[in-house]
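# Need the 3D shape of this:
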Amino acid sequence: MGLFTGLRFFFASADSDKVKEIATAEGAEIAQFALQDPTHVIADSCDLPEVTEAKDCLGASLKIVMTSWIILSVKVKKLLPTKAFSPEPGQLFANLRVCISQVPNY
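Residues are numbered from 1 along each chain as shown. Below is the predicted model:
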């Protein structure tokens, strides 16, 4: 079973073919339309009309995440928390990457 088995993603941006390949290789279903009951909307911006449509139709509980959520979840081999990958404006540490060094290996 893949990491995304049982999840259905709607990709709001058209230029995410590589990420779609990664997601489907890990078991995700791809919804062609926002109304096909996706579990997650994948978008790097909330300004897209598809994201607004999905929010209006599917409610506030819908998880909207950036493409980096898929990529990094696959890298660490577990589903990462979606809240940290929200494209909503006003996130405290949005688009911040941190590298921790000098941590001993145990």
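# Flag every buried residue along the lowest-mean-pLDDT helix or strand in the chain.
Among the helices and strands of the chain, helix 49-58 carries the lowest confidence by mean pLDDT, DSSP states H and E, at a mean of 81. By 16 or more other Cβ atoms under 10 Å, the buried positions in helix 49-58 come out as 50-51, 53-54, 58. C-beta here means a position set from N, CA and C on the backbone, and glycine is covered the same way.
# and the closest residue to residue 58 other than its chain neighbours, what does it touch?
Leaving out its chain neighbours, the residue that sits closest to residue 58 by Cβ to Cβ, 6 or more residues apart in numbering is residue 34, at 7.1 Å. Residue 34 sits next to 10, 12, 41, 50, 53-54, 57-58 when contact means Cβ atoms under 8 Å, 6 or more residues apart in numbering.
# Turn the residues you listed into CSV, columns for distance to residue 89.
Shown next, in CSV, are the contacts of residue 34 (distance: Cβ to Cβ, whole Å):
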residue, distance to residue 89
10, 20
12, 16
41, 16
50, 17
53, 18
54, 17
57, 21
58, 20
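# picking up where we left off before, what sits up against the least confident helix or strand of the chain?
When contacts are defined by Cβ under 8 Å, 6+ apart, helix 49-58 is touched by residues 10, 12, 34-35, 37-38, 41, 43, 45-46, 62, 64, 87.
# try 7 Å this time
Helix 49-58 is contacted from outside by 10, 12, 34-35, 41, 43, 62, 64, using Cβ atoms under 7 Å, 6 or more residues apart in numbering.
# And stretch 69-89, by the same measure?
With contacts defined as Cβ under 7 Å, 6+ apart, stretch 69-89 is touched by 3, 19, 22-23, 26, 42-46, 63-66, 68.
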